[in-house]
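Engineer: here is my input; please provide its structure:
(chains A and B)
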There are 2 protein chains.
Amino acid sequence: MNHHDKRPTSVTTGPIGASQKHYCAPQGRADIKVPVREIALHPSSGEPPLRVYDSSGPYSCAEFSPDLSAGLPAARPWLATRAGLETYEGRAVKAEDNGFVGEDRLVPPCPAARALRRASGSAPVTQLEFARAGIVTEEMIYVAHRENLCRERAFAQAAERIAAGESFGAEIPAFVTPEFVREEVARGRAIIPANINHPEAEPMIIGRNFLVKVNANIGNSAITSSVAEEVEKMVWSIRWGADTVMDLSTGRNIHNIRDWIIRNAPVPIGTVPIYQALEKVGGDAAKLDWEVFSDTLIEQAEQGVDYFTIHAGVRLAHVPLTANRVTGIVSRGGSIMARWCLSRHCESFLYEHFEDICDIMRRYDVSFSLGDGLRPGSIADANDAAQFAELETLGELTKIAWDRGCQVMIEGPGHVPMHKIKVNMEKQLAECGEAPFYTLGPLVTDIAPGYDHITSGIGAAMIGWFGTAMLCYVTPKEHLGLPDRDDVKTGVITYRIAAHAADLAKGHPAAQERDDAMSRARFDFRWENQFDIGLDPDTARRYHDETLPKEAHKVA
Amino acid sequence: MNHHDKRPTSVTTGPIGASQKHYCAPQGRADIKVPVREIALHPSSGEPPLRVYDSSGPYSCAEFSPDLSAGLPAARPWLATRAGLETYEGRAVKAEDNGFVGEDRLVPPCPAARALRRASGSAPVTQLEFARAGIVTEEMIYVAHRENLCRERAFAQAAERIAAGESFGAEIPAFVTPEFVREEVARGRAIIPANINHPEAEPMIIGRNFLVKVNANIGNSAITSSVAEEVEKMVWSIRWGADTVMDLSTGRNIHNIRDWIIRNAPVPIGTVPIYQALEKVGGDAAKLDWEVFSDTLIEQAEQGVDYFTIHAGVRLAHVPLTANRVTGIVSRGGSIMARWCLSRHCESFLYEHFEDICDIMRRYDVSFSLGDGLRPGSIADANDAAQFAELETLGELTKIAWDRGCQVMIEGPGHVPMHKIKVNMEKQLAECGEAPFYTLGPLVTDIAPGYDHITSGIGAAMIGWFGTAMLCYVTPKEHLGLPDRDDVKTGVITYRIAAHAADLAKGHPAAQERDDAMSRARFDFRWENQFDIGLDPDTARRYHDETLPKEAHKVA
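Structural biologist: Residues are numbered from 1 along each chain as shown, chains lettered A, B, ... in the order given. Here you go, the predicted model:
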């Protein structure tokens, strides 16, 4: 038995606390199976199980036994027969895709069988194109049902709760109909990131009139690790509430590891293709060109990546605007593109080829996440000319992408003190035609390394309230090192707090159901229910048991 | 050697990170020694040491060796000769003061020698009385210098930074003069909690035109612990940044342990006297009366407690307003007083004797912290009729206390969703004549037990920005159990983040100095400087060293 055989061969499974994970179908659509998690409450409460939104996939089902080699079953079986798509022989994997790894260290490709698809012509393929054509897709029915699951019980109070909230001009509905979803997608105010080559993903929606979502970043380890370990990072993130996962891996085997992750991912996966393109040219930004970049887009689109961060807003003319910054350009993608522009002294090839990028992404319905390459890396640089010049360019690019049928969200900062957060949201809505905002934090101060999940969780809650549709998490290791399992969990839970606090403040009609269930359990001293209703039953139970008496205090 | 001898006999001392703690005097006042902490920066930075506000007392001085039996030296030596005070023989300690503890388990009183003082007549004794009489006290000079220490370097940009902030009507000065302090105290907009029997405390100020402050709560352990262990809880809290400490101990030995804590406390100490009064009557709220309560006030005032939480706003007529709440009355003091009112069916004796309470507290300059006994314990109960009825009563009581020469701050909630926070601040300012607001969080959601330092840190940052003068910390164990050392540190650091984020957003002219120093250190990869500039150098260093290479990456 060699060293590799001792490594884990599977991932974390099993119910979360005392909850049951189900899949249930909207009326008359047995083919659409929408996840819901039900938390059982003590009989003394007289309350039915509490339904909560759940992004953990089949892994949290009691009976599920994963087979990573086979991948997850399709959550979107209808793709197999959807019109307008063709199956084809994909691009051959090249040595550079896996970082020129030697045969002896090559991770094998995931053997899960699947048909590769792309748009065959000009018929609608993206969710945006369907929406504009007046077509309600299965994905739209799915996300409507998913967003409503916790809303059913709250329906009677919905109008009152919406009125009591403050949503800063959002238009949160009492109940989400598939038609409402279609309208929001059609006007670009929401996206359903769902590559047609990622049928394993359970559809979800990102937009300010829906529940605020959370993204977790993962990356491969510097030392060789097993495939299961890499897949586990994704499984672990979604177990605690990540709605999407960005795979920021670099180096050897990234193509094949990405394959394993996507085939086993029930959530949309995002990437930053410029990272891989840069490695293909030996790490020298000046050597990047359209050929290697476009080839990388196709490579990843065929694998099923659901959204790409594209830093096309970093234009040559913007770079000098960063000269007097305290922290310069801190976005990795931004600094790659700034170096490219400066070394060649010409306009960004991403900007110049933007329509070509759209045409590739449209064929697979890969959504744009327009990167904020000039985001501020410090309080001192917040809301400066460079940041806002890029945001204006992102607005211009949004319209081009929409014209070409692509779904778009916009990435946002970064480091911003509290009093400068709101104008970011307002400017983003105005410049980008209400395309969903997707922000990293923002961190509201720079002085607490080791606690940047908190400095950024404060900013995330506020900007989520103001209208940001998805929050990119930050872990306690930010600025210091690579997060471990505990850091990832802490980051995800912190961001679920921020997202939920935002939903509550916006007046989401069902958000308070969970708070109220918790508060009733507190008032009744139903300790086990308090643990299970919470975001992290394990930690709550452990903290309680450390200092307070055990069983006697935990029953109703 | 018995079990007790193995327990710690001292407390945590030594410099925090690579910093030096000094005491320095305002020009011409060598008797006034104001603490400042200086963080040394690498020569390559070309920057002088960074000065930061520091509340950790002599314990963080390199050479300090504490003698808990002797107590700290007086930080206010001028009290010994201040006019209007008389020394006298204090109240004799009674068996009930220490919870009727048996001789064998009695903790001895702290032997530190001191003269007991009280006001001798109608001459000014409280900071409010001095301020109104136009007299600038040593305490006012002290706090002005203390608030300015970090401001000196920022003076040139002060006006610009204030203008760039958003302070919601606060009037933050470019530089704090002793006369400005006097004016703020005179109008009741700030307090200097400083019992004349607590000369060991280093004066500090609480008001919305000063730096936002943080309080940490401590309490005695259920199992017997050494005096040093109890004092250490206070020392540990202030090491990480607590500006005041509330001692919420109950049970045996509390009088004597409180004595040890106060004699060794360089920060103001607050208490909730009704807790001890309740124990003196065997825990039956109905048996409380003015005699036992007033005797407890005198007992604690003589010991040197700097502020008392007094729940005089819980009136008989308010109690029915809580009937339909999800979580009823969650404040311990509030529920004691509600039970008292209901069991006797008469008006609160704290409300009826409020002027008598003022007269006792004035004699020692004990500040009021008017308790919010009806604060909401859940999102569902936020901003309800009970909470706001009490706040109106607190406004009425504020004016009475001011008329009788007492300093006042007002306690605030609790559990409040983000969109309902601001009205709390506005209503408090309006009802209570701008008396400083002192809030617990608020927690912006109920769904994350184990993470309530974060749910409340979000609310604390926001309400601090809106105008709250001091934030009462919440630890990760809130709602679950008793905090340990790590929890206390996490709670304090989280609240320092919230307070600093608020200072930044308000436009405090020097707040950004620390962020900027951190950001420059980041840009230069001065790792050691990054650790030391941060709120928690130890954790930052450890996180870095867990995953990244060591020495090579840490020098400039």
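Engineer: OK, contacts around the closest residue to A:Arg404 other than its chain neighbours?
Structural biologist: Counting by C-beta to C-beta, 6 or more residues apart in numbering or on different chains, A:Arg404 lies nearest to A:Cys358, which is 3.9 Å off, once chain neighbours are set aside. For the C-beta atoms, the positions are set from N, CA and C on the backbone; glycine is no exception. Applying C-beta atoms under 8 Å, 6 or more residues apart in numbering or on different chains, we find A:Cys358 in contact with A:400-401, A:404-406.
Engineer: give me the beta-bridge partners of A:Ile191?
Structural biologist: Per DSSP bridges, the residues bridged to A:Ile191 are A:Ile206.
Engineer: what about chain A, any weak spots by pLDDT?
Structural biologist: A:1-8, A:222-224, A:548-556 (pLDDT under 70).
Engineer: run the last query once more with 80
Structural biologist: A:1-9, A:150, A:152-153, A:221-225, A:547-556 (pLDDT under 80).
Engineer: report the central residue of it.
Structural biologist: A:Thr244 (2.7 Å; C-alpha atoms, centre = their mean).
Engineer: for that residue, give me its contacts.
Structural biologist: A:193, A:204, A:206, A:213-216, A:267-270, A:306-307, A:470.
Engineer: helix, strand or coil for the residue nearest to A:Arg404?
Structural biologist: helix (DSSP: H, G, I helix; E, B strand; the rest coil).
Engineer: tell me how many other residues crowd the residue in the stretch 251-400 of chain A positioned nearest to chain B.
Structural biologist: Closest contact between the stretch 251-400 of chain A and chain B, by C-beta to the nearest C-beta, is at A:Ser378 (3.5 Å). Residues lying near A:Ser378 (other C-beta atoms under 10 Å in any protein chain shown) number 24.
Engineer: please apply the same query to A:Lys33.
Structural biologist: 18.
Engineer: can I assume it is in contact with A:His22?
Structural biologist: No: here A:Lys33 lies out of contact with A:His22, judged by C-beta atoms under 8 Å, at a distance of 9.1 Å.
Engineer: can I get the helix or strand hosting A:Tyr351 in PDB, CA atoms only?
Structural biologist: Applying DSSP states H and E as the criterion places A:Tyr351 in helix A:349-352. Coordinates of each C-alpha in helix A:349-352 appear next as PDB, following Å, rounded to 0.1, in the frame of the first residue of the first chain:
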ATOM      1  CA  PHE A 349      -7.100  42.100 -25.200                       C
ATOM      2  CA  LEU A 350      -9.900  41.100 -23.000                       C
ATOM      3  CA  TYR A 351     -11.600  44.500 -23.700                       C
ATOM      4  CA  GLU A 352     -10.800  44.400 -27.400                       C
END
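Engineer: buried stuff in it?
Structural biologist: With burial defined by 16 or more other C-beta atoms under 10 Å in any protein chain shown, the residues of helix A:349-352 counted as buried are A:349-351.
Engineer: any chance of these in JSON lines, plus distance to chain B?
Structural biologist: As requested, the buried residues of helix A:349-352 are exported to JSON lines (distance: C-beta to the nearest C-beta, whole Å):
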{"residue": "A:Phe349", "distance to chain B": "28"}
{"residue": "A:Leu350", "distance to chain B": "26"}
{"residue": "A:Tyr351", "distance to chain B": "27"}
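Engineer: closest to A:Arg332 among those?
Structural biologist: A:Leu350 (14.3 Å; C-beta to C-beta).
Engineer: give me every residue that touches that closest one.
Structural biologist: Counted by C-beta under 8 Å, 6+ apart, A:Leu350 has contacts A:274, A:293, A:310-312, A:314, A:337, A:357.
Engineer: wouldn't A:Arg332 be in contact with A:Thr250 here?
Structural biologist: No: using C-beta under 8 Å, A:Arg332 is not in contact with A:Thr250; the gap is 9.8 Å.
Engineer: please enumerate the shared neighbours of the two.
Structural biologist: A:Tyr275.
Engineer: state whether A:Thr309 is indeed within a strand.
Structural biologist: Yes: A:Thr309 sits within a strand when classified using three-state DSSP.
Engineer: how many neighbours does it have?
Structural biologist: The tally of other residues near A:Thr309 (other C-beta under 10 Å) stands at 23.
Engineer: quickly list what it is bridged to.
Structural biologist: Note on A:Thr309: beta-bridge partners by DSSP bridges are A:Ser369.
Engineer: what's near enough to touch it?
Structural biologist: Counted by C-beta under 8 Å, 6+ apart, A:Thr309 has contacts A:246, A:270-274, A:333, A:369-371, A:411.
Engineer: in strands, which of those residues appear?
Structural biologist: When DSSP state E defines the strands, the subset of those inside them is A:246, A:270-271, A:369-370, A:411.
Engineer: where do the helices sit along the stretch 401-550 of chain A?
Structural biologist: A:421-431, A:452-466, A:485-506, A:512-523, A:527-533, A:537-547 (DSSP state H, counting those that start in this stretch).
Engineer: in the stretch 101-250 of chain A, what residue comes closest to chain B?
Structural biologist: Scanning the stretch 101-250 of chain A for proximity to chain B using C-beta to the nearest C-beta identifies A:Glu166 as nearest, at 4.1 Å.
Engineer: quick check: that residue touching A:Leu504?
Structural biologist: No: assessed by C-beta under 8 Å, A:Glu166 is found out of contact with A:Leu504, at 10.5 Å.
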